[in-house]
Every structure is written in C-alpha cells, then in structure tokens.
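*Asks:* this one's structure only:
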DNA sequence: AAGCAATAGTTTATGGCTTAACTTCTTTAA
DNA sequence: TTAAAGAAGTTAAGCCATAAACTATTGCTT
C-alpha cells in the first residue's frame, strides 16, 4: 500500500505538504496541489486511517449500537431501515459504520462492547436504546465519547419517534370513523418506553372525544403474530360489542386479523383492525393494513446528522421525528 | 485513556513485557503476568486499536459488504439474519464488524468504498455478492485483503446456499404430493445466480419424474408481492389446469395466494402455492407458507468462520449450506 | 531600500503499540 | 566447572499521518 511518504517522493515535496494539500490546510500553491494530486492518482493512494486516527484522533468510524436484549433485533425490519438512514448520512461525510450489539445484563454491557468503546476506534456513537432495563450508553458517556441516543434513554442528545402523536393520530382516525367500542392490543408498558408514549397519545385523543381511556378493553401480547391472535380472541370473546382493535404493532395486527377471519368476521366491513410500524409486508397484507409509519430511515438520518453536529462541537436540539398515518383498507366505519 | 505505558509503569515493567503478557507471547513468569493484569484492571486499560493496527497490521475489523444495487438490501430480512450469524462469530473472536454498502455501477464501486478498502482498516472482508452485474470483491482481491464471498461471485473462498438442492427439495415435495400441472413464478434468471441454480434443481427433480421442465408454464416477477399477484393471475388464466404454483420467494407466493383468494380458490385445498426463503412472516401467513429455509444465520456464521481460517493462513474448502424444506399448510395433494 | 507580514514549504516530535535484537540471568549437560 | 541453551526482560526501531515550530521566500508599506 502506498503511503504519504511515497506520494511525497513522487511529487517531490515533503510529507507535510502532501498532508496539507489533502486536508486542505492553507498555504500551498495550485502548482504543488496539482503535483500532489497527480502523484496520489498515480499511486492509488488512500490515507491510512489507523495512522490518521492515532495521530489526529479522527477515526472516521461511528458505532451504531443496538442492544441484544430480546430476539427482535435481528428480525426487526425497523432496525434495518434505521441503519439505511444512518448509512446515507455517514457515507456522504466519509464516515464508516461499525455495528455493535452489546449484550446487556444486570451488571452492565459485555466485555467485548466495553473494549470497543475503550479501543479508540469509536469517534461517535449512535445508540438505539429503547428498553428501560439497561443502557448501552453509560460506558460511552463515561469515556466522554460523543453520542446520540435513538430512543428514550437519557442522553444530552436524542432523536425519538413522536410516539405520542403516533398514538394520537391513530386513535383520532378510529374515533373519526365513528368507533367507540375500541379494544387495545398492546405489550407490557414497562418493557418499552415508546409503548407508554403511544398509549399516552391514544389516551389524549380518547379523552378529547369524551371517552375514558382506562375503560377501554386491553390485552397484552409480546409483539408476535401469535400473541396478536390470542389477544384478539380474548378481547373479542370477552367484549362482544368491540368494533375496532388497535394493535401496537403490525405483526400483532396481522395475528388479530387472522383470528377475525377464522371467526368469519370480515375486516374492515365487520371489524376494524389497525397496526403500528408499517412494516414492508403491511401494504400487501390482506386486507392492506392501516397503520402508522414511523419513518425509520428519517430517524436514522436525523440521528446521524445530530451526531455530526455534536462532533462539530455544536449543541443540537432534540428531534422528534413525526409519524405518518398510513390509511389503507383495514379500517372502516362501524356497522 | 490509560496507555500501555501507564500499565507498564504501574506494574514496574517495560511496555514490551506488558505487550507480551497481553498477547500471550511466551517468556514471562506467572508473577509478572499477575502484576501486569492487576495494573490493567486498576487502570481499566484497553488496548488502543488504531495503534495496534498501525504497528502490527491487525485491525480487528472485518468489513461486511452488501452491494447497493437494488432496493432490496435494506428491506431484505435475509440480510439481517446473515449479519446475525456473522456477528456471533466475530464477537466471539473479539472482532468488530464494519458495515459497507458499496454502490456498484458499470465503472466499479463508489469512491467511499474504495477508500475504505484502501484505508488499512479492513483486515478481512465478507462480501455478500449475489448479483452478476458487478462485484464489490474486485478491489478487495486487488489489495490482497483476505476475503470470503457469500454468494456466486468468484473468489477463492466462498459460502453458498445450496440452491440446487433447495429447488430440488421443493419440486420433489410438490411432485410427491401428486402435482403434475405446475406453474413457476420466478424472476429473470440473469439477475440472480441463485435463481438460476434453484431452477436447475427443479429441473432435475422434474426430469427425474419424467416431466419436461421447459414445458412448465412460467412467469417472471420482481420479488415483490404485487408482481407475485400479477404472475399468478397471468398463469392461472392462461393455463387453467394448473394445480400448484412454485414461487421463487415468499413475497411473490403471498401475492399469488392473495390472487387465489380473490378468485375464490382456497389454498391449499383448491390450489397449492409455495414460496422460498422462509421470511419471518411466512409461518404466520394465512395459510402458513410451505417454503424453503436457507438458514441465513448459518450462512453468516459459516462465512465468518471461513474468513477466520483464511486469516490464519489456512485454505478452507467451499461450503454449501444445506437448505431445509419447511412444510406448513399451503401445499396439499391436487383435487 | 528597509522592515515586516504573509505565504510556501520543511523538519521533527508525537501518538500507542509490536517486535526484532539485545542483555541478563538461570538451567542443564558434559 | 564451564559452556551452551533457554528463559525473562529490556531497548529501541518502526508503522503512517499530523501539526507545531521552524526556515525561506515573496510582496507590500513607508
């Protein structure tokens, strides 16, 4: 691999000059610039990043962490979409993405993760931090590494999906269609901050419409299709007058729809069922699912942009990425 | 951040000794080992990876590339499962994963990717390389960086899904159920090597059963649910005696099932429809999809293990990861 | 024309680690 | 007893790029 040295020799200047030209530090002539660039081209030179990192502290690596606390990480389509957004911004700025999946337990993250954080590789961190139980962000803060949290853990800088307004939009939509007997299929709130906020949004919408949110029938699943099916079975048999089911993710909605179909109820003519997330499959489900789009790629992009601001010593304000109600065909007025 | 220097001073030995102890190079006593380890603990020392990389060439970073050639990358669940497998192996060995999504065009990969490959960061590469049009592996080879291809591009070392046997298993299953009028919903072969091999497997199974594979009705979609629906519509209207549809991915199968339902045909009683991939949704679709599991996590793990062998100067043999036929409820004997 | 500032470039120390070469000390064998 | 081998450490030379400190040149002001 050619080094700065080689370039300098070929161009007939010192390494310092080459370094200046490449980093665009002032004080060189157009002529030397051309000489240097020419040598760079000829040799196919690219800066040695470890050396640059050692010398200047800029590693051009940011770590994206998503905690390995439940199976969902590697099957959750949101993760990939978020990554997509982060990737876009990072590539633009010449940064590389290091993937990190800390194993969070009661006594903190695993050793490998800790070593990474201490390794000097990581110039900044985007932590996808959504579960209250543990945070991968602690060690980052401790080391003084610039970081942005994507989720609800406390950090100075964070990006969140506007879960409250997501819940609000959905509940408003359902209420607007005329439903009043509404069942909620959720998951235990303590497991996910975001769920708490979505429910909060729904509560506001419900109360604005004069409904007591706490009186609405509820059941807790675990995000899976099967749990959605079970919850739907439970709610629909216990509260026979329910005309709409709001599910806190798409997969449970799909399970609920399956149950409805089995019971011979047509969605949406006979029962309204909606989801949350807008996973890739949602649009081509039968019926196509009315749901909430969290704009995962935009969350990724926003968090990356925020991180770069922090790296530039700015103090960016928190961002709440707006949600979008995606109206398809699983919701209709009650009969 | 504490350095080797600090550890050496605290332990009362030279930096070289500390380095030896940490890298387990022979010639030190148990006593010094304990002194050193104690100092390491006290200071919370972790090696500076850029420095180590600069000095010893070992960066402890492997790059995983998946080419950004069509929309699928960031929505394809397989990618994430593969990543999962790679992650498992890498973490075990103290390696970090750098995510890279080269933009492949006619005149080669983009500049950012090239810079990464030349940057000295990358100790090894796992290239998810499935499209014939272009390869992200070229520049890796050129630089002499150890690499493993996950897919069909030529490299000395590669891991592949055993697509031929996947196709064979599926066709055998369908034939075994008694179907003879079988429609195939595929995608243009030139776009994906793996498709070519799956079809080849099907051909073998068909011919072994005395069927002329070329005579079977076929239609090409583009992997999407909608295209599956269209292809099904086309095939079923054109060839009214079809009793089974084999789709080359699950999403198209789901589209096909939707079409069948719309036409009032029950799956599987009235029509058999199967997919390929076993995406997370497949098991909870209605009906649950009979499909082929490619064992993506295992492919990831295998490729990582192979890469580590290459890094150890071994010459691992190619691996064909076996496929599994997942029998659910979308296939039944013809009526 | 002198003096000074700005420009253009070079020299060199530095960052943290590894490793080859070297020194010192302990074993072991003849 | 002594030489040679082996073990346990140390010294110091890199690895490559950056940036502070320095020299040399040019341009401008008065």
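*Replies:* Done, it's in. It should be emphasised that the depicted structure is a prediction, and the values quoted were computed from it without experimental measurement. Residues are numbered from 1 along each chain as shown, chains lettered A, B, ... in the order given.
*Asks:* could you point out where the stretch 101-250 of chain A is predicted with low confidence?
*Replies:* Counting by pLDDT under 70, the stretch 101-250 of chain A has low-confidence residues at A:132-133.
*Asks:* Quick check: residues of it near chain B?
*Replies:* A:101, A:112, A:114-116, A:118-121, A:143, A:224-226 (C-beta under 8 Å from any C-beta of the partner chain). C-beta here means a position set from N, CA and C on the backbone, and glycine is covered the same way.
*Asks:* between the residues you listed, which is closest to residue A:260?
*Replies:* Checking these against residue A:260 with C-beta to C-beta, the nearest one is residue A:225 at 13.2 Å.
*Asks:* For residue A:270, see how far away the closest one is.
*Replies:* Between residue A:225 and residue A:270 the distance, using C-beta to C-beta, to the nearest Å, works out to 21 Å.
*Asks:* tell me which element the spatially most central residue of chain A falls in.
*Replies:* What sits nearest the mean C-alpha location of chain A, by C-alpha atoms, centre = their mean, is residue A:82, with 4.5 Å. With secondary structure defined by DSSP states H and E, residue A:82 is part of helix A:77-92.
*Asks:* chain center to the next helix or strand after that helix, what's the gap?
*Replies:* Toward the C-terminal end, the helix or strand that comes next after helix A:77-92 (DSSP H and E) is strand A:96-100. Here the centre of strand A:96-100 is set off from its chain's centre by 15 Å, with C-alpha atoms, centre = their mean, to the nearest Å.
*Asks:* Tell me which of residue A:225 and residue A:270 has more neighbours.
*Replies:* Each of residue A:225 and residue A:270 has its neighbours counted (other C-beta atoms under 10 Å in any protein chain shown); residue A:225 has more, 23 against 14.
*Asks:* Residue A:85 versus the residue lying closest to that one once chain neighbours are set aside, what's the distance?
*Replies:* With sequence-adjacent residues excluded and distances taken as C-beta to C-beta, 6 or more residues apart in numbering or on different chains, residue A:225 is closest to residue B:284, at 3.5 Å. Distance, residue B:284 to residue A:85, using C-beta to C-beta: 28 Å.
*Asks:* With residue A:244 instead?
*Replies:* Plainly put, residue A:244 is 32 Å away from residue A:85 if you go by C-beta to C-beta.
*Asks:* wait, what's in contact with the residue lying closest to residue A:27 once chain neighbours are set aside?
*Replies:* Excluding its sequence neighbours, the residue lying closest to residue A:27 (C-beta to C-beta, 6+ apart) is residue A:20, at 6.8 Å. By C-beta atoms under 8 Å, 6 or more residues apart in numbering or on different chains, the contact list for residue A:20 reads A:26-28.
*Asks:* picking up where we left off before, looking only at neighbour counts, state which of residue B:284 and residue A:85 leads.
*Replies:* Per other C-beta under 10 Å, whichever of residue B:284 and residue A:85 has more neighbours is residue A:85, with 23 against 18.
*Asks:* from memory that one sits against residue A:294, does it?
*Replies:* No - when contacts are counted by C-beta atoms under 8 Å, residue A:85 is not listed as touching residue A:294 (11.4 Å).
*Asks:* how deep is residue A:165 tucked in, by neighbour count?
*Replies:* One way to gauge burial is a neighbour count; for residue A:165, by other C-beta under 10 Å, it gives 20.
*Asks:* so how far is chain B from the residue nearest to residue A:27?
*Replies:* Computed with C-beta to the nearest C-beta, to the nearest Å, the distance linking residue A:20 and chain B is 19 Å.
*Asks:* Just the helices from the stretch 101-250 of chain A, written as ranges.
*Replies:* For the stretch 101-250 of chain A, the helices defined by DSSP state H, counting those that start in this stretch occupy A:111-118, A:138-143, A:163-176, A:193-208, A:225-238, A:250-262.
*Asks:* Next, see if the second one gets close to DNA strand C.
*Replies:* No - using C-beta under 7 Å from any atom of the strand, helix A:138-143 stays clear of DNA strand C, coming no nearer than 13.4 Å.
*Asks:* elements contacting that helix?
*Replies:* The elements that helix A:138-143 packs onto, with contact taken as 3 or more C-beta pairs under 8 Å, 6 or more residues apart in numbering or on different chains; DSSP states H and E, are strand A:108-109, helix A:111-118.
*Asks:* From DNA strand D, how far out is residue A:265?
*Replies:* Here the criterion is C-beta to the nearest atom of the strand, to the nearest Å. By it, residue A:265 lies 65 Å from DNA strand D.
*Asks:* Which pLDDT value belongs to the closest residue to that residue other than its chain neighbours?
*Replies:* In space, residue A:265 comes closest to residue A:271 once its chain neighbours are excluded; the distance is 4.8 Å by C-beta to C-beta, 6+ apart. The confidence metric pLDDT takes the value 97 at residue A:271.
*Asks:* Near residue A:271, how many residues? Count them for me, please.
*Replies:* Residues lying near residue A:271 (other C-beta under 10 Å) number 26.
*Asks:* ditto for residue A:224
*Replies:* Burial of residue A:224 is recorded as 19 neighbouring residues (other C-beta under 10 Å).
*Asks:* Which single residue of the stretch 101-250 of chain A ends up nearest DNA strand C?
*Replies:* residue A:120 (7.0 Å; C-beta to the nearest atom of the strand).
*Asks:* how near is the residue nearest to that residue when sequence neighbours are not counted to residue B:157?
*Replies:* Nearest-residue entry for residue A:120: residue B:48, 4.3 Å, with adjacent residues in sequence omitted and distances by C-beta to C-beta, 6+ apart. In this structure, residue B:48 and residue B:157 are separated by 31 Å, where distance is defined by C-beta to C-beta.
*Asks:* likewise residue A:237?
*Replies:* Distance, residue A:237 to residue B:157, by C-beta to C-beta: 57 Å.
*Asks:* No further questions, thank you.
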